[in-house]
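J.: Give me the fold of what follows.
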Amino acid sequence: MEEEEGVEEKIIYNISIVFVREYKYFIRVFEKKTREDYILNVSKIIKDKFKSKFIVPNKIQSFLLNYEIKKLLDKAINTKSKKYKRVIYLNSNLSESALLNTMDFINDEYADFVFDYSIIENGSEEDPIRDIQELTKLITPQK
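T.: Alright, predicted model coming up:
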């Protein structure tokens, strides 16, 4: 059988992104961080880069924050070894709109990757981790 010229087989790299407000909730669910986990501490980025805490960033703060997040995500996602399978997105100011904006940003920046989004909820003991698509259906108004 002959191979078609110019046709490149595309390898899909699947990454899980887990949103969590506090690291202790991640530990409660997964018990410990593994070699395949990458911690992206957005709260620390905000504290270190902006020297102040903000609830809703303005346009300049959003741009700078996204730039810093992209630099760190590039480290985790674009490694040749593909050693990271899960990114722990740690942000104490998670809100519904922040989740949706972050998901849009990541999907736009990394169009060649497939992401499985989930969130660890603080108070839920019996089912602490939720599929984010389920949550976005609850958030997004139905037409």
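J.: What's opposite residue 15 in the beta bridge?
T.: On the basis of DSSP bridges, residue 15 is bridged to residue 115.
J.: Pretty sure it sits against residue 77.
T.: Yes: counting by CB atoms under 8 Å, residue 77 is a contact partner of residue 15 at 6.4 Å. Quick note: C-beta positions are derived from backbone N, CA and C, even for glycine.
J.: Need the overlap of contacts for those two.
T.: Taking CB atoms under 8 Å, 6 or more residues apart in numbering as the criterion, residue 15 and residue 77 both touch 84, 87, 113.
J.: Of these, which belong to strands?
T.: Applying DSSP state E to these, the entries found in strands are 87, 113.
J.: just the shared contacts of residue 15 and residue 77 now: which is nearest residue 30?
T.: Closest to residue 30 out of these is residue 87 (12.9 Å), distances taken as CB to CB.
J.: okay, the closest one: pLDDT?
T.: Turning to residue 87, the model gives it a pLDDT of 91.
J.: Tell me who's in contact with it.
T.: Residue 87 touches 15, 16, 17, 18, 37, 38, 40, 73, 76, 77, counting by CB under 8 Å, 6+ apart.
J.: quick one: contacts for the second one?
T.: Just to be clear, that refers to residue 16. Here residue 16 is in contact with 85, 86, 87, 115, 116, 117, 118 (CB under 8 Å, 6+ apart).
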